[in-house]
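**Student:** build the 3D model from these lines:
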Amino acid sequence: MGYSKRKYVRRVQAMFTERQFELLRQYAQEIDTPVGTLVRETVENALITGLEQRRKQKALEWMASQHLPVEDWEMMERQIESRWEECGDE
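**Tutor:** Numbers count the residues shown, from 1 in each chain. Take a look at the predicted model:
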């Protein structure tokens, strides 16, 4: 894990047991990263990235459920081209 160039503007306080904090501190030391950065990047990787993926998946599922008139590419291309030609006449 490396240092990020993002500008952080919100602070969160989290309470850990002595054992939890000591394990975090040791691991952070092993990878030469501050504990705060370790926690922040872990939250990003474990929660936020997953949330973004779930939102994208939900949007994709919604789009697929709309039963939009989608043909195979060759037919769609002909339809687009013919409509384009029609618009040129307007």
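**Student:** CA only for contacts and neighbour counts going forward, please
**Tutor:** Noted.
**Student:** what stretches of the chain score poorly on pLDDT?
**Tutor:** Where the chain drops to pLDDT under 70, the residues are 1-4, 70-71, 88-90.
**Student:** measure the residue nearest the centre of it to Gln29 for me?
**Tutor:** In the chain, the C-alpha nearest the mean C-alpha coordinate belongs to Glu52, at 3.7 Å (Cα atoms, centre = their mean). Distance, Glu52 to Gln29, by Cα to Cα, to the nearest Å: 30 Å.
**Student:** with Val43 instead?
**Tutor:** From Val43 to Gln29 the distance is 18 Å (Cα to Cα).
**Student:** swap in Ser82?
**Tutor:** 64 Å.
**Student:** also Phe21?
**Tutor:** Following Cα to Cα, the distance that separates Phe21 from Gln29 is 12 Å.
**Student:** secondary structure class of Phe16, three-state.
**Tutor:** Taking DSSP: H, G, I helix; E, B strand; the rest coil as the rule, one finds Phe16 in the coil state.
**Student:** count the neighbours of it for me.
**Tutor:** 10 (other Cα atoms under 10 Å).
**Student:** and it, backbone torsions?
**Tutor:** Per-residue torsions, Phe16: phi -120, psi 150 (degrees, to the nearest 10).
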